[in-house]
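In: build me a structure from this.
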Amino acid sequence: MSPAAKRWLGISGAGIAALALLAGCATSQLVSQQANPDYVGKHFKSVMVVAVTSDDLIRRTFEDRMVVMLGKRGAKAIPAYDAIGSRGRVDEAEVRKAVARSGVEGVIVTRVTRIDRSTGTVPGATVYLGVGTGFYGYYSTVWDAVTIAPEKITGPSWTVSETRLFDARNGALAWTGIMDTRENDDLSAALTQYIEVIFDAMVSDRVL
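Out: Okay, the predicted model is just below:
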């Protein structure tokens, strides 16, 4: 196993803003979605929800609201903070045990992949990694970030975020969706609208 894989849920030295940035955003739009044909029509009966963020309040709010949405769909869902804990990075072995202990069939992971800010000259950006294959391989790098400093920030920020649904039993990717979110100040409305868009997309693709 690679060193990166062993870091599964860790925060890199570059740090992470992740879903906390969605607290100041609203008007989310799904820009792409793709379902694995092997999972279309084969709904997960139990799901763990993971929000990748170092902000515990945002994490709990997001995971709890997604759990409620899944419950209305008839799926047994649990927030990751309840199964894994609320302390950011934990090692892969502990995460594997938590997933196995929960008995869930699927895992939903949501995290910010890019943050941009408008500028008068050169835009600044924060780019998040996460390119591994399979559930654990993917998550081994999702906390790592590269930041490009902007010149003269003059406009609002926006984020690009990604939600992936994995088969917890074998790590296979069942669904992925990319969201574009523009800046706003209403936290509750932002998270509600964001979750509804993602949830409706997965339902329409028949993976939930």
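In: need the phi and psi values for Ile108.
Out: With angles defined as degrees, to the nearest 10, Ile108 sits at phi -100, psi 120.
In: that one: what's it in contact with?
Out: The contact partners of Ile108, by CB atoms under 8 Å, 6 or more residues apart in numbering, come to 47-50, 66, 163-166. Quick note: C-beta positions are derived from backbone N, CA and C, even for glycine.
In: local confidence estimate at it?
Out: Per-residue confidence (pLDDT) for Ile108: 93.
In: from Thr176, how far out is Ala77?
Out: 19 Å (CB to CB, to the nearest Å).
In: between the two, point out the one with more neighbours.
Out: Ala77 (24 against 18; other CB atoms under 10 Å).
In: right, and the more buried one touches Arg65 too?
Out: No. The pair Ala77 / Arg65 is not scored as a contact, 10.7 Å apart, by CB atoms under 8 Å.
In: spit out the residues that contact those two alike.
Out: In contact with both Ala77 and Arg65: no residue, using CB under 8 Å, 6+ apart.
In: wait, what's in contact with Gly106?
Out: Residues in contact with Gly106 (CB under 8 Å, 6+ apart) are 44, 46-48, 165-168, 174.
In: which of these sits closest to Val109?
Out: When the contacts of Gly106 are compared for distance to Val109 (CB to CB), Phe166 wins out at 6.9 Å.
In: name the element the closest one belongs to?
Out: Phe166 belongs to strand 153-167 when assigned by DSSP states H and E.
In: picking that back up, PyMOL command for the buried members of the contacts of Gly106?
Out: To isolate the buried members of the contacts of Gly106 in PyMOL, using 16 or more other CB atoms under 10 Å:
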select buried, resi 44+47+48+165+166+167+168+174
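In: among the contacts of Gly106, find me the one that's closest to Met202.
Out: Leu165 (6.5 Å).
In: residue contacts, that closest one?
Out: Leu165 makes contacts with 39, 44, 47, 106-109, 173-176, 202, 207-208, as judged by CB under 8 Å, 6+ apart.
In: got it, and Gly71?
Out: Ala77.
In: 10 Å instead?
Out: Applying CB atoms under 10 Å, 6 or more residues apart in numbering to Gly71 gives the contacts 47, 77.
In: which residues in this protein form strands?
Out: 25-35, 46-51, 76-79, 106-119, 124-128, 145-148, 153-167, 173-183 (DSSP state E).
In: circling back to that earlier point, what mean pLDDT does the strand holding Phe166 get?
Out: The model assigns strand 153-167 a mean pLDDT of 76.
In: give me the low-pLDDT residue ranges for the protein?
Out: 1-26, 86-90, 114-158, 183-187 (pLDDT under 70).
In: one more pass at 90, please.
Out: Applying pLDDT under 90 to the chain flags the ranges 1-31, 42-43, 50-62, 72-75, 83-99, 109-162, 171, 179-196, 208.
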